[in-house]
Each structure stands twice: as C-alpha cells, then as structure tokens.
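Student: Show me how the following folds:
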Amino acid sequence: MKSRHSLIARTLGLSATFLLLHSSVPAVAGEIEKAVEYRQGVMNVFSWNMKAMGDMMKGKTEFDKGRFADHAQELSNASKFKLMNGFPEDSESDESDALAEIWMDFEDFESKYQDFGSAAQALEKVAQGGDKGSMGAALKKTGKSCKACHKKYKN
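Tutor: Below is the predicted model:
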C-alpha cells in the first residue's frame, strides 16, 4: 500500500511539475511581447518628435520655436525612460526590427542609448534658447546618435 501511495505522489508531483513548466511558456512569451510593445512604443515617441522637428527644419511645416522646444522637451523626457527593460534576453521577434546584434554586444547598445539621451537632453537645452541655427545643429547631432544605433542594431 505504501508503494502505491508513493507512486501516486510521484505521479502527481511529476504532473504538477509538467504543468508548471508548460504553463510558464505562454507567460514568458507574454512578457516578451510586452517588452517588444514597450520598446516599440518608446521608439514611436522618439520618431514622432524627431520627425516633427525635422519637418520644421526642412521647411515641410512652419517653423515654430515654441512647438520645436516642446518636441525637444518630450524627446528629452522620453530619452530618460529605461528602454533597456524593453530588450530582455530572448526578445527577438518577427514583430520587431531589432537585430540579434543587440544581445551580442549589449554594452555597446546601452552606450549608444546613453549617447542618444545626452544628445536629446542637450537639444532640449538649446531649443529653450530659441536660436534656429543652434537648434538645427543640435537636432542634427541627435539624429546622428539615432542613426549610430539604427545602423548597427536595427533591421
């Protein structure tokens, strides 16, 4: 009788372990999807603000130093987000343009994001001054920091 109870207990234990292991796969997949959505959302904020400022500098839209400064401030604020949280290991996705190189050289990737943050925060300060030439130069520097990352880490 004792061996039968032991067998039942082992079977139940193995069944519970099997269920836990297999039920965690969707949870992990769900967390990865959330991470991808988070990083894409932050990147959309970056893109939206960069495009608006770029369009003003290119004459595609009317230059308005107040609106430019608002976009620069939003970009600067967003650059302080902990974007690296959106790039956990194994978060490559068909829904993302992120290349595997990110995880192969994560320190460089983080460094490029910090460079972008520094450029975006400098752009915000320059934009507060209202000088269009200085704003254009700071925007160009910020754009270069975006491209440095995209060139190496974006599909």
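
Student: can I assume F109 is in contact with L83?
Tutor: No. Look at F109 against L83 with CB atoms under 8 Å: they stay out of range, at 9.8 Å. C-beta coordinates here come from the backbone N, C-alpha and C atoms, glycine included.

Student: what pLDDT does the residue most central in space within the chain get?
Tutor: Residue closest to the average C-alpha location in the chain (CA atoms, centre = their mean): R39, at 3.2 Å. We have a pLDDT of 95 for R39.

Student: What of L123?
Tutor: Per-residue confidence (pLDDT) for L123: 98.

Student: and the residue lying closest to it once chain neighbours are set aside, how far is that from Q114?
Tutor: Spatially, and ignoring its direct neighbours in sequence, L123 is nearest to A138 (4.2 Å; CB to CB, 6 or more residues apart in numbering). Distance of A138 to Q114, computed by CB to CB, to the nearest Å: 17 Å.

Student: again with D97
Tutor: Applying CB to CB to D97 and Q114 gives a distance of 21 Å.

Student: what do you get for G86?
Tutor: 15 Å.

Student: ok, these two, which is more surrounded?
Tutor: Set G86 next to Q114 and count neighbours by other CB atoms under 10 Å: G86 wins out with 20 against 13.

Student: For that one, give its distance to R67.
Tutor: Look at G86 and R67: by CB to CB, they are 28 Å apart.

Student: tell me the pLDDT at G136?
Tutor: 98.

Student: Was I right to think it contacts M56?
Tutor: No. Using CB under 8 Å, G136 is not in contact with M56; the gap is 9.3 Å.

Student: Compare the two (neighbour count), which wins?
Tutor: Applying other CB under 10 Å to G136 and M56 shows that M56 carries more neighbours, namely 21 against 18.

Student: The more buried one: what's its closest spatial neighbour, skipping adjacent residues?
Tutor: Spatial nearest neighbour of M56, chain neighbours left out: F63 (4.6 Å); criterion: CB to CB, 6+ apart.

Student: Report the buried residues of stretch 122-136.
Tutor: Applying a neighbour-count criterion of 16 or more other CB atoms under 10 Å, one finds A122, L123, E124, V126, A127, M135, G136 buried in stretch 122-136.

Student: got it, and stretch 137-150?
Tutor: Residues of stretch 137-150 classed as buried by neighbour count (16+ other CB under 10 Å): A138, L139, K141, T142, G143, S145, C146, A148, C149.
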